[in-house]
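Asker: A structural model of the following input is requested.
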Amino acid sequence: MPRLLKFNIFRYNPQDPGSKPHMDSFVLEETDSMTLFIALNRIREEQDPSLQFDFCCRAGICGSCGMVVNGRPGLACHTKTVDLPGDVTLLPLPVFRLVGDLSVDTGAWFREMYNKVESWIHTSKSFDQSAVEERMDNEVAEQIYELDRCVECGCCVAACGTARLRDDFLGAVALNRIARFAVDPRDERTDRDYYEIIGNDRGIFGCMGLLACEDVCPKNLPLQNQLGFLRRKMGITAIKTLFRR
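Answerer: So this is what the prediction gives:
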């Protein structure tokens, strides 16, 4: 006999002066291969069309459906109800601006992050669209691809203790972006240039090393390795700078 699942969902519309934060409960009969994405769409179609949450691809690629599931940030489309207890509590991701219910504005946060870490290739070369694309060693290309798999869902930021305490902390996703450009031979920035961006307590030295970011990453990115790589690189850069003075 299928289980009856109870979903306790955070509700609040900051655009409505009369709205107050509260929890609403909904009951659904579990179906085969049900995900939270399926459950939430059924709740909206069958019980409450006003429920707000974000989704796009439902394949773990767009990162839109990030939310806190029983205290743990994750993607609704990746989370199967069979792996959850009968009572499920859903909350919006912290740190990001709340749009309504389970929907948050990750876009504004990520745009600001891009500007802070200058998330683009820095090169003095002029682009020639008729030229043959520069060749790259397969090993280096695979390193870049591995770090570029980030879908920018915000789960790592929501799980980060430092990001929850400080709104100026760049977070693992920003440090991962820096690591991506640090291994890219097309980027002409030096370690000193990267140090100016992340060599402080807003960057790599603000990380407490709890590694909740890696624990919740839906793409299983090697964030622990990248944070260690950057911490060593920036530490060596700081020592070199100190002796140079």
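Asker: Does anything pack onto the longest helix seen in the chain? Which helices or strands?
Answerer: The single longest helix within the chain, with elements called by DSSP state H, is helix 223-244. If you count contacts as 3 or more Cβ pairs under 8 Å, 6 or more residues apart in numbering; DSSP states H and E, helix 223-244 packs onto helix 171-182, helix 191-198, helix 212-216. C-beta: built from backbone N, CA, C; applies to glycine.
Asker: and the second one, average pLDDT?
Answerer: Helix 191-198 comes out with an average pLDDT of 96.
Asker: List the buried residues for that helix?
Answerer: Neighbour counts over helix 191-198 (16 or more other Cβ atoms under 10 Å) mark 191, 194-195, 197-198 as buried.
Asker: cool, the shortest one as well?
Answerer: Of the residues in helix 212-216, those scored as buried under the neighbour-count criterion (16+ other Cβ under 10 Å) are 212-214, 216.
Asker: which one among the residues you listed gets closest to Lys20?
Answerer: Set against Lys20, the nearest of the buried residues of helix 212-216 by Cβ to Cβ is Val216 (29.0 Å).
Asker: Show the pLDDT at that closest one.
Answerer: The predicted local confidence for Val216 is 97.
Asker: follow-up on the earlier one: mind putting the helices and strands packed on helix 223-244 in JSON lines, distance to Pro85 included?
Answerer: Listed next are the helices and strands packed on helix 223-244 as JSON lines, based on distance: least, Cβ to Cβ, whole Å:
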{"stretch": "helix 171-182", "distance to Pro85": "28"}
{"stretch": "helix 191-198", "distance to Pro85": "39"}
{"stretch": "helix 212-216", "distance to Pro85": "18"}
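Asker: Gly203 touches Arg177, doesn't it?
Answerer: No: Gly203 is not in contact with Arg177 according to Cβ atoms under 8 Å; the separation is 11.4 Å.
Asker: related to what we said a few turns ago, can the buried residues of helix 191-198 go into JSON lines with extra columns for distance to Ala172?
Answerer: As requested, those are arranged in JSON lines below (distance: Cβ to Cβ, whole Å):
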{"residue": "Asp191", "distance to Ala172": "20"}
{"residue": "Tyr194", "distance to Ala172": "16"}
{"residue": "Tyr195", "distance to Ala172": "18"}
{"residue": "Ile197", "distance to Ala172": "15"}
{"residue": "Ile198", "distance to Ala172": "12"}
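Asker: show me what contacts the residue nearest in space to the middle of the chain?
Answerer: The chain has Gly154 as the residue nearest its centroid, 2.5 Å off, counting by Cα atoms, centre = their mean. Taking Cβ atoms under 8 Å, 6 or more residues apart in numbering, we find Gly154 in contact with 63, 66, 73, 93, 95-96, 104, 106, 109-110, 173.
Asker: For those residues, which two are the farthest from each other?
Answerer: Pro73 and Phe110 (15.5 Å).
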